[in-house]
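Chemist: Sequence plus predicted model, see below.
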Amino acid sequence: MACLWQSEILELGDGALLVECGPMRMFLEASLRGERRPDLSRDAARVAIGFLAEVALARKSLDSPAQDLEEPSMGGLPRIMWTSARLIGDGDLTPMAAVAGAIADAVADYLQGLGADRVVVNNGGDVALRLQGEESLHIGIRPDIGSGDVSHRLRVTAGMRVGGVATSGLGGRSFTRGTASAVTVLASRCVLADAAATAIANATYVPSEAVERYPADSVDPETDLKGIEVTGFVGELTESEIQTALGQGLDMAEALVERNIIQAACIFVKEHPVATGRFLSLLETLDR
């Protein structure tokens, strides 16, 4: 399937690849028995462009809240995105909230099908993992998605069966309705982590004079959030507002853990953290 935009595949050294096509900027790594396999990553990069084109062709049918949409007549990634968004249970969540994670999963599954036993697909910060045997990966956690600072890290092993890590919040590539500077979610699939991170971040909204909001389509006429207010800026929040925002986000995260939709989540509001129990046990604080 041809891409609707110009595309470029770059080898970055040490077997890692970057594929860029329209809104997609994806990093790929694949290994087999400890050896990087750039040949497998090159194949997957070309496949990734086809996955993006598949979603682009179905875009108009994916712009409404998933709870309001009938089951898509098409299969493939659009159906996976719709199913994942509906599972979360956020009434405003559209299937497009899961697009980056869905594409990352599809590429990771493709690489695993080629025989790779360690796969990392980073699609704009939403990361699909496929780890087998003794393979593991360290992942940095940012308290502010708009900053390059990493405050914590966690080690993911094959035995944990984490298939996706996604982050959402103010300053990211997509709109948010909340006040969280970052929400990071672990799940069995990246598509679920992606949709859940968006919904948990949305849940952190608190009415405050410090929070500036505007209709999403006043900034992006092509957005899937037409008529919905999103957060543009969060100033100084009171301690009470911060704790309320964190509590609302944590309530949603724990509910999703209880329903076995996600495995764990960590939420930051103005660098104040809160996390579900399992995430707390995994995090390692870094010197800053």
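Modeler: In hand now; what should we look at?
Chemist: which stretches of this protein have low pLDDT?
Modeler: Confidence mapping of the chain against pLDDT under 70 gives the ranges 1-4, 72-74, 286-288.
Chemist: so where do the helices sit in it?
Modeler: 38-57, 76-88, 99-113, 190-203, 239-258, 277-282 (DSSP state H).
Chemist: and the angle for the fifth one with helix 190-203?
Modeler: It stands for helix 239-258. Interaxial angle, helix 239-258 versus helix 190-203 (axes from the mean of the first three to the mean of the last three CA atoms, to 10 degrees): 150 degrees.
Chemist: what sits up against helix 239-258?
Modeler: For helix 239-258, contacts defined as CB atoms under 8 Å, 6 or more residues apart in numbering pick out 88, 178-180, 183, 185, 196, 199-201, 203-206, 208, 210, 237, 262-265, 267, 269-270, 272, 274-276, 278. C-beta: built from backbone N, CA, C; applies to glycine.
Chemist: mind redoing it with 6 Å?
Modeler: Contact with helix 239-258 is made by 179, 196, 200, 203-204, 206, 208, 262, 265, 267, 269-270, 272, 274, 276, as judged by CB atoms under 6 Å, 6 or more residues apart in numbering.
Chemist: now the last one
Modeler: Outside helix 277-282, the residues that touch it by CB under 6 Å, 6+ apart are Leu154, Ala264, Cys266.
Chemist: Return the closest of the residues you listed with respect to Leu129.
Modeler: When those are compared for distance to Leu129 (CB to CB), Leu154 wins out at 11.9 Å.
Chemist: Distance check, the closest one against Glu241.
Modeler: In this view, Leu154 and Glu241 are 28 Å apart by CB to CB, to the nearest Å.
Chemist: Ok, Val257 next?
Modeler: Per CB to CB, Val257 is found 25 Å from Glu241.
Chemist: tell me the contacts of the closest residue to Leu192 other than its chain neighbours?
Modeler: Computed as CB to CB, 6 or more residues apart in numbering, the closest residue to Leu192 that is not its neighbour in sequence is Ser84, at 5.5 Å. Contact analysis of Ser84 by CB under 6 Å, 6+ apart lists Ala98, Val191, Leu192, Ala195.
Chemist: Same question for Val211.
Modeler: Contact analysis of Val211 by CB under 6 Å, 6+ apart lists Val234.
Chemist: Look up which residues are beta-bridged to it.
Modeler: The bridge-partner assignment for Val211, based on DSSP bridges, gives Val234.
Chemist: any idea how far it is from Val127?
Modeler: Distance, Val211 to Val127, using CB to CB: 29 Å.
Chemist: And the furthest pair within the contacts of Ser84?
Modeler: Most distant of the contacts of Ser84, by CB to CB, are Ala98 and Leu192, 7.8 Å apart.
Chemist: by contact count, what packs against the lengthiest strand in the chain?
Modeler: With DSSP state E setting the assignment, residue counts place strand 24-32 as the longest strand in the chain. The contact analysis (3 or more CB pairs under 6 Å, 6 or more residues apart in numbering; DSSP states H and E) places strand 24-32 against strand 16-21, helix 38-57, strand 118-123.
Chemist: Could you dump those into CSV with mean neighbour count and distance to Gln132 added?
Modeler: Below are these laid out as CSV (neighbours: other CB atoms under 10 Å; distance: least, CB to CB, whole Å):
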stretch, mean neighbour count, distance to Gln132
strand 16-21, 20, 19
helix 38-57, 20, 14
strand 118-123, 26, 7
